[in-house]
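Visitor: Got a predicted structure here, sequence first:
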Amino acid sequence: MATEKDLMNAVRDSLEADGQLGRIKAEMRTEVMKLLEGGGKHKKSNRLSPPHDVLVLNELIREYLDWIGYKYTSTVLIAECELSKQPMERTFLAQDLGVKETDKSKSLPLLFSLIETFKNLKNNQI
């Protein structure tokens, strides 16, 4: 006969196997952060809107996290930075940053394009 501990271990193993345990932990961290900050569902944050550059940077980080598959980290970032559930349009971000997209760059996060631009600038200065 299975013990309560065996049942708990089986449930945990099952949740880990299908990736649900990570999602649940990320959601719990997000809710704990909201509670600690006093930002429950009925209370809006008193935090000032971040400057445009901070918002763009947060969106670039979100795009990278989503691209690499760090969905739980992305969920916590969205909650902590109070980002919109819908990400900024990539074309808007690219235009705002002055990034010229290519077929290759469109398959990668914009952060890669920025790194590539700085590498090219550095190589051209030598």
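Guide: Right, received. Where do you want to start? Numbers count the residues shown, from 1 in each chain.

Visitor: drop to CA atoms for contacts and neighbour counts, all remaining ones
Guide: Will do.

Visitor: if I look at the residue most central in space within the chain, how far off is Asp66?
Guide: In the chain, the residue lying closest to the centroid (CA atoms, centre = their mean) is Ser74, at 2.3 Å. Computed as CA to CA, to the nearest Å, the Ser74 to Asp66 distance reads 7 Å.

Visitor: now swap in Val56 and tell me
Guide: 15 Å.

Visitor: can you check Val99 too?
Guide: Taken as CA to CA, the span from Val99 to Asp66 is 20 Å.

Visitor: which secondary structure elements does the worst-scoring helix or strand of the chain on mean pLDDT contact?
Guide: Lowest by mean pLDDT, DSSP states H and E among the helices and strands of the chain is helix 20-36, with a mean of 80. Judged by 3 or more CA pairs under 8 Å, 6 or more residues apart in numbering; DSSP states H and E, helix 20-36 is in contact with helix 4-17, helix 71-81.
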